[in-house]
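Chemist: Below is the sequence, then the predicted model.
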Protein chains: 2
Amino acid sequence: MDVNRVLHMNGGEGEASYASNSSLQRAVITMVKPILEETILDLVSDEAFLASKVLCIADLGCSSGPNSLSVISHIVDTITTTCHKQHRQPPEFQVLLNDLPGNDFNTVIKSLPSFYDKLKRGNINHGRSCFVAAMPGSFHHRLFPRKSIHFIHSSYSLQYLSQVPKGLVSKEGMQLNKGNTYIASTTPQVVSRAYYEQFKHDFYSFLHSRSEEVIKGGRAVLTLIGRRTDDPSRDENCVPWKMITLALKDIAEEGHIEEAQIDSFNFPCYAPSAVEVQDIILLQGSFSLTRLEGFEIGWDSNMTTGNTSFDTLMRARYISKYVRAISEPMLSSHFGALVMDALFRRHIERVAELLNKEEPKFNSLVITLIRKVNIIYTSVTVFNSEEILQAISL
Amino acid sequence: MDVNRVLHMNGGEGEASYASNSSLQRAVITMVKPILEETILDLVSDEAFLASKVLCIADLGCSSGPNSLSVISHIVDTITTTCHKQHRQPPEFQVLLNDLPGNDFNTVIKSLPSFYDKLKRGNINHGRSCFVAAMPGSFHHRLFPRKSIHFIHSSYSLQYLSQVPKGLVSKEGMQLNKGNTYIASTTPQVVSRAYYEQFKHDFYSFLHSRSEEVIKGGRAVLTLIGRRTDDPSRDENCVPWKMITLALKDIAEEGHIEEAQIDSFNFPCYAPSAVEVQDIILLQGSFSLTRLEGFEIGWDSNMTTGNTSFDTLMRARYISKYVRAISEPMLSSHFGALVMDALFRRHIERVAELLNKEEPKFNSLVITLIRKVNIIYTSVTVFNSEEILQAISL
């Protein structure tokens, strides 16, 4: 799978688009808002930033929906309001929205005039002190010039890998993760290990690249899918992919695809544990880990509006639509666009079955980092496993 | 006409796209190359830039074809080669490609991986010392943070206005430029004047915005359609629009559109004279005008490949295709998408008729500017009319 080409959300603003099916991700952003605000206020009160006339903010994995600009709007509002309260001139903002080149940037760009109008109504220097650019590229590599970024935001993107892990095929050419599309209960340990190694490599590269770009004292707020269990094959975060696997098996039985096609398909993502994330941050060494918290969110979170209640099928449809918006380009490139409708019809049924039995949830991690001023390894904040588990159980 | 919405080249990479029909604009860029190189080398040898670790380059009016990245590639190559020759570490490059939000940025962005691969083959720090972002917005307003830009490039974009000039309708609601779509021989002087005033306002705003963004000593190379005559209604640059007017009248006669629709349509562009451009630069006052040259280019320039010769109809088709790529979104928003095929069939015929009589040419201006270190009005370079005319006649 050419991840750089096929890893992108469904484009446009139509019914199947990510733009129209990203309210779960909006709910995640809302949950992280207090942490985002705290980090931003912390950044603004930092000596190093008091003199900055331009504040450079990057959102990594911005995708094509409205969520990215809503985060940016909140950051800009928070900083501007704080500066006004302190009778300081707010800085100008250079905002860089990043995603892979296959992302539908046009949809984000077309929404910029209304974004600027909103800032203007908020009287933030007539909306023209904020300059939003699209910065295409892989965040596993360098994206920005050296020492140019003050603040990094990323939500629900870092769980994606730069490639499907190597080592999922034996020397004899046998698929080692047969019958699965991600780590599952029948996944051999060598496969789970390969997934972890790929995540370790990618997250290390991410931190290393950012360490060159973020100025000393710069901050990052990173939210990603992350598991609660030590064993990656026993985590709740495996269930979403399992639902797709089951639906794929259904359409294989119906003759739409071959079983062997499922065996050779593996999603390029990984839900790390808090300890794994912390270890990689320590190993890379350029950032102080100032916060690491876990939280959970129901699959149909943000669906309820007012007092309306939804039946199981409606909930399953809602879930299946956003899963499709996220995964269709990847699935379609492997199984073909023609079987997508059949696949997601079955997927709705599989999700509905699950909803009748349980209330599935995503486990997530939120991390805040500071780019170290001087890299003194002894000053690294270390959370012990107990602290992390306490945080996660909140 | 909502210029911000409808002024964009035809998107995508299909047969009617600007990307597939921009070889005339490529020819213009090639003609300006020696001036671009000279300006770049001048910039790099400037004391102020020797210490710069990041060089920030903006291309204003980048559109969606391959031309913009080919200019960027040339700039990056020139600077990197010069630095290597002088045993200096080349800077990192932050490149900002600007156009209106309606531009098809996705097509440019999708070509970035091959752009980076090319830089990599040229061994420019593995292609990752150059970071290309898309910066949507109107160049008649602020686009970038203060004092952030070292070099501005713009080719065949500055002739576009921010709006159709006001004052083209009388107090009684009569269309004053009846039967024309741009300044023509039957255009009343009040209309030509309104066009000039709009250009003056827009070009002044352009310079004013750039004066805040370009660091002192920063350079600009600007190429635009510009006329040779004093009287704007007698210039060769009116002819391309006249061909569209004739084709519109043809399809009005055929009943596809109403004559009145033509009366109320006016292209939002203006071909200034060298003297007009110079006057506005002097008036705005932030930039020293270091060069102002005129040049001409045949309508079917860059069509000939090798020894192949083309007949009149083939030449007319080539011309009509790029005129369509440029003007279709504007025309289509006013006359409707359904009549575009009929219009451009007639347009080919009108262009062919013209080619049988003459060899039409575009007149253009190329300007180089330096952002003044100290604004001392007496130090402004002034070209007298004779010098400009000499330059233009080259």
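Modeler: The structure has been received and is ready for your questions.
Chemist: Strands along the stretch 201-350 of chain A, start to end?
Modeler: Listed in chain order, the strands found in the stretch 201-350 of chain A under DSSP state E, counting those that start in this stretch are A:214-225, A:287-298.
Chemist: so which helix or strand takes in A:P165?
Modeler: In this assignment (DSSP states H and E), A:P165 forms part of neither any helix nor any strand.
Chemist: What residue, apart from its backbone neighbours, is nearest A:E197 spatially?
Modeler: When the adjacent residues along the chain are set aside, A:E197 lies closest to A:P165, with 6.8 Å between them (CB to CB, 6 or more residues apart in numbering or on different chains). Any C-beta I mention is one placed from the backbone N, CA and C, and that applies to glycine too.
Chemist: What does the pLDDT read for the one you found?
Modeler: Note for A:P165: predicted pLDDT of 91.
Chemist: How about the contacts made by it?
Modeler: Contacts here follow CB atoms under 8 Å, 6 or more residues apart in numbering or on different chains; on that basis A:P165 touches A:191, A:194-195, A:197-198, A:266, A:268.
Chemist: rerun that using 6 Å as the cut-off
Modeler: A:194-195, A:198 (CB atoms under 6 Å, 6 or more residues apart in numbering or on different chains).
Chemist: will you turn the strands of the stretch 201-350 of chain A into a markdown table that also has mean neighbour count, mean pLDDT and distance to A:A19?
Modeler: As requested, the strands of the stretch 201-350 of chain A are exported to a markdown table (neighbours: other CB atoms under 10 Å in any protein chain shown; pLDDT from 0 to 100; distance: least, CB to CB, whole Å):
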| stretch | mean neighbour count | mean pLDDT | distance to A:A19 |
| --- | --- | --- | --- |
| strand A:214-225 | 22 | 93 | 20 |
| strand A:287-298 | 18 | 90 | 20 |
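Chemist: For chain A, give me the ranges with low pLDDT.
Modeler: Within chain A, the stretches with pLDDT under 70 are A:6, A:20, A:48, A:50, A:122-128, A:304-309, A:374-394.
Chemist: Next to chain B in this structure, residues from it, please.
Modeler: If contacts are counted using CB under 6 Å from any CB of the partner chain, the residues of chain A sitting beside chain B are A:54, A:92, A:94, A:101, A:105-106, A:109-110, A:112-113, A:128, A:131, A:133-136, A:142, A:144-145.
Chemist: Filter the residues you listed down to the buried ones.
Modeler: With neighbours counted by 16 or more other CB atoms under 10 Å in any protein chain shown, these contain buried members at A:54, A:92, A:94, A:101, A:105-106, A:109-110, A:112-113, A:128, A:131, A:133-136, A:142, A:144-145.
Chemist: who does A:R219 bridge with?
Modeler: Here A:R219 sits in beta bridges with A:F151, A:I370, as judged by DSSP bridges.
Chemist: coming back round to it: just the ones of the residues of chain A next to chain B in helices?
Modeler: If you go by DSSP state H, those have A:105-106, A:109-110, A:112-113 in helices.
Chemist: what would those residues look like in JSON lines with distance to A:G11?
Modeler: As requested, those are exported to JSON lines (distance: CB to CB, whole Å):
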{"residue": "A:F105", "distance to A:G11": "9"}
{"residue": "A:N106", "distance to A:G11": "8"}
{"residue": "A:I109", "distance to A:G11": "12"}
{"residue": "A:K110", "distance to A:G11": "12"}
{"residue": "A:L112", "distance to A:G11": "16"}
{"residue": "A:P113", "distance to A:G11": "19"}
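Chemist: how near is the residue nearest to A:S327 when sequence neighbours are not counted to A:D231?
Modeler: In space, A:S327 comes closest to A:I244 once its chain neighbours are excluded; the distance is 6.7 Å by CB to CB, 6+ apart. From A:I244 across to A:D231, the span is 21 Å (CB to CB, to the nearest Å).
Chemist: out of these two, which sits in the more crowded spot?
Modeler: Comparing A:I244 with A:D231 by other CB atoms under 10 Å in any protein chain shown, the one with more neighbours is A:I244, at 25 against 12.
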